[in-house]
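# below are the sequence and a predicted model; questions follow.
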Amino acid sequence: MKYSFLVLVNNPVPVHDPRAAHLPSGAAMASTIRLSTARRPGDTPLARVFTPHVTRRFTRQAPVPFWIHPGLEGGPWCSVRPVAPDVYDVCAADGALLARITRRDARLLSWPRRVRWSARLTDPPQPVTGKVGTWYAWLTYVVTAPAWLLLVLCVTVYSFFDGTADDYTFSSPARTRWHAPGAGTVLDYRGLSKTYRFDPQRLDTRVAYALAVLQTWERAG
């Protein structure tokens, strides 16, 4: 059954749970994955995400491995490790390779292309690909950019004289639909609500969560 979830980026919390003995000393819980309908902090998360260090956050320039545990008390579910710039291996708890995730930069020349997140699955061996931002959203963004820039400039000048320090920046299109051959859309990120619409019958949940965490952390960084 399809459901919607979101990735919450937390202040890293040190791990003291003895069931997490496989994690390195100094590991911290950096994110939780929750149903989009879960509004209370006490609601059980779908999964927890751990990184090796409390003080070292994940960035594209300095990525760190991370581990995903299901639920509130679940043990290791999968791990995600950087193997090259913008390339990550997703492995099951027993070390078996589930997928290799790759991020490809956007470019303007010689032919425009959007940021692309892709996963090469091992079982079954097939690609899953998502492009950041729909083409019509990018067209609207480019066409209206001069007006938005003028508005931001005017508000910034007003804030300078008014003494406020609000951030009036606006972000680029973010909606990302991941497609798999013969399966259609398997994961759909909606930028306005920051939620992922997911069909677990069409994509391994561990790979879907890994894609979501990587994309969320990249945007948060």
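Sure thing, it's come through. Small disclaimer: the values here were computed from a predicted structure and weren't measured.
# end to end on stretch 195-205, go ahead and measure it.
Terminal residues of stretch 195-205 are spaced 15 Å apart (Cα to Cα, to the nearest Å).
# just the buried positions in it, please.
Using 16 or more other Cβ atoms under 10 Å as the test for burial, stretch 195-205 gives T195, Y196, R197, F198, D199, R202, L203, D204, T205. For glycine as for every other residue, the C-beta is placed from the backbone atoms N, C-alpha and C.
# quick one: mark the members of those residues that sit in strands.
T195, Y196, R197, F198 (DSSP state E).
# pretty sure the last one is touching F5, no?
The reference is to F198. Yes. The pair formed by F198 and F5 meets the contact definition of Cβ atoms under 8 Å, at 6.5 Å.
# and the buried residues of stretch 195-205, which is closest to I33?
Y196 (8.9 Å; Cβ to Cβ).
# could I get the pLDDT score of that closest one?
With respect to pLDDT, Y196 has a value of 96.
# got the contact list for the closest residue in space to P181 that isn't next to it in sequence?
Excluding its sequence neighbours, the residue lying closest to P181 (Cβ to Cβ, 6 or more residues apart in numbering) is Q126, at 5.8 Å. By Cβ atoms under 8 Å, 6 or more residues apart in numbering, Q126 lies in contact with R120, A180, P181.
# and the gap between Q126 and A99?
Separation of Q126 from A99 (Cβ to Cβ, to the nearest Å) stands at 10 Å.
# same check, this time on N10
Distance of N10 to A99, given as Cβ to Cβ: 25 Å.
# which one's more surrounded, those two?
Per other Cβ atoms under 10 Å, whichever of N10 and A99 has more neighbours is A99, with 27 against 12.
# how much space is there between the residue nearest to P181 and V87?
Note on Q126: its distance to V87, by Cβ to Cβ, is 18 Å.
# try P76
The gap separating P76 from V87 is 22 Å, by Cβ to Cβ.
# of those two, who's got more company?
Comparing P76 with V87 by other Cβ under 10 Å, the one with more neighbours is P76, at 18 against 13.
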